[in-house]
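In: The sequence isn't on hand, but the structure is:
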Ligand SMILES: Nc1ncnc2c1ncn2[C@@H]1O[C@H](COP(=O)(O)OP(=O)(O)O)[C@@H](O)[C@H]1O
Ligand SMILES: [Mg+2]
């Protein structure tokens, strides 16, 4: 089944990239979910789309061919900083930045898309993901992002966990919540930009949250939550990529549906366990 | 009162021109168990937030360990159990061990990692509150009283000199509240930890505290708990 993925260069890079985002998307997803910020991923992915469309437009305008991924990364990171700014301006409405940034993202996307020749096949790939879209260059950029994300999460794990559990307590104990939060949201932006090539703008948040939702049902500790989330994320990405390729369906769809099936499985697993407990 | 751990002088605070607390003066010395009482909305939580540096007073000075609060940096000397501790996200997947370990995060500091020594400190704190049978249990599966003990352990683990508790017993049944106060007294007597406990249920706390402060915008009482009760009944 893996045959073509090993044989063809373009598929190989997609496959490796899939393995990377199967780690970093659910990893950051654990913090997003427990902080009830799942929608943040959605708004950042739409801002990323605006950045990609901007990149495509620049391509057309200047006839240089820079990967639109860079435009996506730049917009996503800027969007994340704005969301954080808005969050601080409205302390009682923490999530207000999310719809604001989401709609700005869609608005900008529409503008840049029509400037850049309208809706074409390339854009369809960005919306739903593609098995053939990852270039060697993109792969190395995404590998770089993965390394940065893993190192920073490793270094700031205890601060992130402490903040996620109880922000007020963390601040009182002397943790610089604002800086850590900004760092986290920028990482999220990077991960989203990295994941879009494969799962697409519309489904990237699903890859960040569905494996975590499934892991929640069985994890007792945060360490277990991370472990199961990564496991489910990888299973979803690998089986989604392979089935998407052979069925000629954009991998975003197959990856997310695999994640949904895993989630359903975890729900019934928990039912079984509870029934056992009741019987005993 | 020779060596106060905490002192407030003429502290005033208002939210949008509405005065919440006014001209607050008091100090707490090492080893005391102080009960801060008063009606709902009397400003207790606001005052605590100022002492913790979460809010800045409009006027007056707060000193922690003889240092003005804006120069104070050693926050691990102060443990905090908040009013919110019993409204935390019950579905959060963390074990008792993980939650208590969070009390060490700031103490360990950035770019440094949790070691065996820290692990030992966490276990010790969990034992101090009598939760050693639940170390790897999910926090959400515990009873309210047990969760509150875990939050005490999280405050204890950084070996603070002063622990501040804001209505920690809300939502806990009476027998567990008694056990909870006994635990606090044990910490105060055996480890000389100074305690500042906010509560509006004064009947059960007055048997345990060494002094009491009554706050309703201003301080209307500061003295031994026996006196507070008699004064209340004569007015
Ligand atoms: N963020 C806020 N903005 C405006 N008013 C507030 C805020 N927080 C508290 N208050 C007001 O301050 C007063 C004191 O509240 P608080 O300190 O929580 O009292 P207590 O803890 O004694 O019940 C109340 O009248 C409350 O409505
Ligand atoms: Mg209060």
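Out: It's in. If you're wondering where the values come from, they're calculated on a predicted model, not measured in any experiment. Ligands and ions are numbered 1, 2, ... in the order given.

In: So which bits of whatever helix or strand residue A:5 lives in are buried?
Out: Element membership for residue A:5, per DSSP states H and E: helix A:3-7. Buried residues in helix A:3-7, defined by neighbour count with 16 or more other C-beta atoms under 10 Å in any protein chain shown: residue A:5. Yep, even glycine has a C-beta here, placed from its N, CA and C like the rest.

In: Same question for stretch B:42-60.
Out: For stretch B:42-60, burial by neighbour count (16+ other C-beta under 10 Å) applies to B:42-53, B:55, B:57, B:60.

In: cool, stretch A:133-150 as well?
Out: Those would be A:133, A:134, A:135, A:138, A:139, A:141, A:142, A:145, A:146, A:149, for stretch A:133-150 by 16+ other C-beta under 10 Å.

In: Would you mind listing what in chain A touches chain B?
Out: With C-beta under 8 Å from any C-beta of the partner chain as the criterion, chain A comes near chain B at residues A:34, A:36, A:155-156, A:158-159, A:161-162, A:165-166, A:168-175, A:215-216, A:219-225.

In: okay, the closest residue to chain B within the stretch 1-150 of chain A: pLDDT?
Out: For the stretch 1-150 of chain A, the nearest residue to chain B under the criterion C-beta to the nearest C-beta is residue A:34, separated by 5.8 Å. Here the pLDDT value assigned to residue A:34 is 95.

In: List the beta-bridge partners for residue B:61.
Out: Applying DSSP bridges to residue B:61 gives these bridge partners: residue B:9.

In: how near is it to residue B:35?
Out: According to C-beta to C-beta, to the nearest Å, residue B:61 and residue B:35 sit 24 Å apart.

In: what about those two, which has more around it?
Out: More crowded of residue B:61 and residue B:35, by other C-beta atoms under 10 Å in any protein chain shown: residue B:35, with 21 against 13.

In: Pull the contacting residues for that one.
Out: Shown in contact with residue B:35 (C-beta atoms under 8 Å, 6 or more residues apart in numbering or on different chains): B:197, B:198, B:199, B:202, B:205, B:206, B:208, B:209, B:211, B:212, B:213, B:225.

In: What of residue A:58?
Out: Residue A:58 is in contact with A:64, A:66, A:71, counting by C-beta under 8 Å, 6+ apart.

In: three-state assignment of residue B:149?
Out: helix (DSSP: H, G, I helix; E, B strand; the rest coil).

In: ok so, going back, verify the stated contact: the residue of the stretch 1-150 of chain A closest to chain B with residue B:88.
Out: No - at 11.1 Å, residue A:34 and residue B:88 do not qualify as touching, with contact defined as C-beta atoms under 8 Å.

In: on that earlier part again, narrow the residues of chain A next to chain B to those in helices?
Out: A:34, A:155-156, A:158-159, A:161-162, A:165, A:168-172, A:215-216, A:222-225 (DSSP state H).

In: Now list the buried members of the residues you listed.
Out: The buried subset of these - by 16+ other C-beta under 10 Å - is A:34, A:156, A:158-159, A:161-162, A:165, A:168-172, A:215-216, A:222, A:224-225.

In: Quick check: which ranges of the chain have low pLDDT?
Out: Just so you know, I chose chain A. Chain A contains residues with pLDDT under 70 at A:1, A:119, A:121, A:272-280.

In: let's do chain B instead
Out: B:1-2, B:84-86, B:229-235.

In: which residue ranges form the strands in it?
Out: B:4-15, B:18-29, B:33-37, B:59-64, B:67-68, B:78-81, B:162-166, B:194-198, B:211-216, B:218-223 (DSSP state E).

In: mind putting these in CSV, distance to residue A:60 included?
Out: CSV is the format used below for those (distance: least, C-beta to C-beta, whole Å):
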stretch, distance to residue A:60
strand B:4-15, 54
strand B:18-29, 58
strand B:33-37, 67
strand B:59-64, 61
strand B:67-68, 61
strand B:78-81, 57
strand B:162-166, 60
strand B:194-198, 64
strand B:211-216, 68
strand B:218-223, 70
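
In: Just name the most buried of those.
Out: Across these, averaging neighbours per residue (mean count of other C-beta atoms under 10 Å in any protein chain shown) puts strand B:78-81 on top, at a mean of 26.

In: Name the residues that touch it?
Out: The contact list for strand B:78-81 (C-beta under 8 Å, 6+ apart) reads A:169, A:172-173, B:52, B:64, B:103, B:148, B:151-152, B:154-156, B:158, B:160-166, B:168.

In: how far out from the middle of the chain is that strand?
Out: Distance of strand B:78-81 from the chain centroid (C-alpha atoms, centre = their mean, to the nearest Å) equals 5 Å.

In: and it, does that touch ligand 2?
Out: No - figure legend: strand B:78-81 not in contact with ligand 2 (C-beta under 5 Å from the ion); closest approach 12.8 Å.

In: tell me which parts of chain B are close to ligand 2?
Out: Applying C-beta under 5 Å from the ion, we find that chain B lies next to ligand 2 at B:44, B:45.

In: Let's have the buried residues of stretch A:133-150 in CSV, adding distance to ligand 2.
Out: Formatted as CSV, the buried residues of stretch A:133-150 follow (distance: C-beta to the ion, whole Å):
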residue, distance to ligand 2
A:133, 55
A:134, 54
A:135, 58
A:138, 53
A:139, 54
A:141, 50
A:142, 48
A:145, 44
A:146, 45
A:149, 40
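
In: Residue A:84 is in contact with residue A:179, isn't it?
Out: No - Residue A:84 is beyond contact range of residue A:179, at 10.4 Å (criterion: C-beta under 8 Å).

In: okay, those two: which has more neighbours?
Out: When residue A:84 and residue A:179 are compared for neighbours, residue A:84 comes out ahead with 18 against 12, by other C-beta under 10 Å.
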